[in-house]
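K.L.:
predicted structure and sequence below. I'll ask about it afterward.
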Amino acid sequence: MNLYKPVLTVLLTGLTGALLHAQSATSIGSPNQAIRLTVQNSPSGEVTYQVRYKNKPVIEPSGVGIKLSRPQVTLNRFTITAIDSANVDDTWKPVWGEESQIRNQYNELIVSLQDKGGSGIGMRLHVKVFNDGVGFRYEFPKQAKLDHFVVADELSQFRFAADHRTFWMPGDYDSNEYLYNFTKLSEVDATAALAKEKDIALQSPIGPNAVQTPLLAKTADGLYISLYEAAVLNYPVMALQLDKKTLTLTSQLTPDAVGNKAYLQTPAQTPWRTILVSDKATDLLASRMILNLNEPSTIADPSWIKPQKFVGMWWEMHVGKANWPLAGGKHGANTANVKKYIDFAAKYGFDGVLVEGWNVGWEDWFGNWKEEVFDFVTPYPDYNIDSLTTYAQRKGVRLIMHHETSGSVTNYERRMDAAFQYMVKEGINTVKTGYVGRIIPRGEHHDGQWMVNHFQRVAEKAAQYKIMVDSHESIHPTGLHRTYPNWMASEAARGSEFNNAPTLGITPEHTTVLPFTRLLGGPMDFTPGLFRMRLNQFDSTRTTRVRTTLAKQLALYVTLYSPLQMAADLPENYEKHLDAFQFIRDVPVDWAQTNVLAAEPGDYVLIARRDKQSPNWYVGAITDEVSRDLPLNLSFLEPGKTYEATIYRDAPTADWDNNPEAYVIEKKTVTAKTKLNLHLVNGGGCAIQLVRK
């Protein structure tokens, strides 16, 4: 539902000639005037922009432009031919999400540019300034001098005013599963960071000074600045190249197999380049700017799209209890075993059961760069999918399909219709896709334009069959779940499976960084809810472990949002802690309101959310490797009402390293006037359910 109601529109068209030449600088402020963006046109034709927040520098004058290889022209010197501005304030209702209603308020500037080099090409710099940040993109209208064209490079720059401390990942065209590094900009060393990462299946590093977006910086005077992108469609993903001398980051687009970046035809536009800024860390987590920069939903009737919680046959393969292939005698996806998961899901009120390794092809799927791997419709002989879907339906549960492509995307595209038709026949309406390995077409990258278009095609094709999508090894999310609400979640970062990775694994601080980086673009299928922290349950030689407490695993259901939330551990591990498991059963996956109460990237996050289907609230608090106390003021509760608080917290003796599974559950009667103190042990957390009486 898009309630587009511009409050005021002011047009400044027709400003040409001497008037525009005299007006070399044009400024626009955010609705609350905290942010000011200025576009400058130098006598030589260079167009730059700068951003200030409460009169503090955010982005110093930085260049804009784009380089084409066909026609061969660099568009970075311009004459400004027109300036349009407008003010917009509307609201819209997402199909699902962290709020039931989102305000979309911004001031915009559209600067029409003519190439000063004589090519006759025109383009527009489109800017939107929100109270929490800025977005800009390039637009190419239909014109005589530009029809089909090829992008060689984008010249967007982001020049910082000082050597800020930043959370960054090394630039890579194929993987975003790295741990975050926290250094000054001048200390970025992607080569050294890559050398430490031994557990990522496919790496395509960009260079020693290349970093991925989102990039999060914190200035010495307390500003938080995030560089990212929104609405990445028909265009490659953007990384950033750092010039350490000038502290300038320049866009680095993912190339295709022959080195080009994008193939476009007018009218065309690039994704939005986004700059979130605030002097409060909590405001970054509350921002919906990236969502607002995306187009409204393309699905006229989204009533079939349902947030859900599920269990699944996944973690037992990671910890050595079972395996994906039939060969070897440990095949997990057999009929009898899946029935146990269905029974468990039905008994404890889960919506679905994910089954991995159900289909023929897992014996040689990995690392072979092989075209024909899976057909997505042929189960192993020990997996009776017909009887299982019938059994699940009787129990009020649905199976969740798994489509691992092994990177052979051309194979998947040929078979997608048949695969989705098979799902519909079996009564399955949710699919987890996977793209482990090098991409086919050979030479393409996960983050290139070809794959960006593929992920869009999957979302659109799935919607035709009323299928919901959870993508793994996909591009980082950029708010497209507004446009394609059936593309409900993605992995696109280091998720919980890396707890079993033998080298770096997941550090206690990682989940306190994700909300400020990866999750700004959309929900993550992190797969929380692990209750056994030492992963030697089925293999005594394993030394891998989960570096959190059990209480923190509960809190992740609130702090790491997804409308598709998995209870990732094994049924037998949950049945040993059914009192703690109750929180996972109860916590919703669709929210009416979200309040970010306290946060500091890399240290802690405290979030409260109100259920969309009831007046109840849920709170999640997590910390890094440092124990800490967080005050919790319950003033967000409805005044005059009484609530029963069920608090799942770390035991006094808990410790992620030595005693991670120790927790305490207590109940209290609370009101909006109640103030609590949450003590989080190192690597710990706290989860609270607040039920209105």
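P.N.:
Structure received.
K.L.:
quick one, phi/psi of the residue lying closest to residue 248 once chain neighbours are set aside?
P.N.:
Leaving aside its chain neighbours, residue 248 sits nearest to residue 159 (4.3 Å; criterion: CB to CB, 6 or more residues apart in numbering). Every residue, glycine included, has its C-beta placed from N, CA and C. Torsion angles at residue 159 (phi, psi; degrees, to the nearest 10) stand at phi -100, psi 120.
K.L.:
verify the contact between residue 31 and residue 87 for me.
P.N.:
Yes. With contact defined as CB atoms under 8 Å, residue 31 reaches residue 87; the gap is 7.4 Å.
K.L.:
joint contacts of the two?
P.N.:
Shared contacts of residue 31 and residue 87 (CB atoms under 8 Å, 6 or more residues apart in numbering): 106-107.
K.L.:
report how many residues lie close to the residue nearest to residue 240 when sequence neighbours are not counted.
P.N.:
Closest residue to residue 240 apart from its sequence neighbours, by CB to CB, 6+ apart: residue 249 at 4.1 Å. Using other CB atoms under 10 Å, the number of residues around residue 249 comes to 28.
K.L.:
for the chain, which spans come out with low pLDDT?
P.N.:
Within the chain, the ranges that satisfy pLDDT under 70 run 1-23.
K.L.:
could you pull out the strands in the stretch 1-150 of the chain for me?
P.N.:
2-3, 8-10, 25-29, 35-41, 47-53, 56-63, 66-70, 72-75, 78-92, 102-115, 122-130, 133-140, 148-154 (DSSP state E, counting those that start in this stretch).
K.L.:
now the ones you listed in JSON lines, with distance to residue 489 and mean neighbour count?
P.N.:
Putting these into JSON lines (distance: least, CB to CB, whole Å; neighbours: other CB atoms under 10 Å) gives the following:
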{"stretch": "strand 2-3", "distance to residue 489": "22", "mean neighbour count": "12"}
{"stretch": "strand 8-10", "distance to residue 489": "36", "mean neighbour count": "10"}
{"stretch": "strand 25-29", "distance to residue 489": "35", "mean neighbour count": "16"}
{"stretch": "strand 35-41", "distance to residue 489": "31", "mean neighbour count": "20"}
{"stretch": "strand 47-53", "distance to residue 489": "31", "mean neighbour count": "21"}
{"stretch": "strand 56-63", "distance to residue 489": "31", "mean neighbour count": "18"}
{"stretch": "strand 66-70", "distance to residue 489": "32", "mean neighbour count": "17"}
{"stretch": "strand 72-75", "distance to residue 489": "37", "mean neighbour count": "17"}
{"stretch": "strand 78-92", "distance to residue 489": "20", "mean neighbour count": "18"}
{"stretch": "strand 102-115", "distance to residue 489": "18", "mean neighbour count": "20"}
{"stretch": "strand 122-130", "distance to residue 489": "25", "mean neighbour count": "23"}
{"stretch": "strand 133-140", "distance to residue 489": "23", "mean neighbour count": "23"}
{"stretch": "strand 148-154", "distance to residue 489": "28", "mean neighbour count": "18"}
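K.L.:
and the helices in the stretch 351-500 of the chain?
P.N.:
Using DSSP state H, counting those that start in this stretch, the helices of the stretch 351-500 of the chain run over residues 385-394, 409-425, 449-464.
K.L.:
the stretch 201-350 of the chain now?
P.N.:
For the stretch 201-350 of the chain, helices defined by DSSP H, counting those that start in this stretch occupy the ranges 281-286, 289-292, 315-318, 335-348.
K.L.:
the last one packs against which elements?
P.N.:
Helices and strands touching helix 335-348, as assessed by 3 or more CB pairs under 8 Å, 6 or more residues apart in numbering; DSSP states H and E, comprise strand 308-313, strand 352-355, helix 385-394, helix 571-574.
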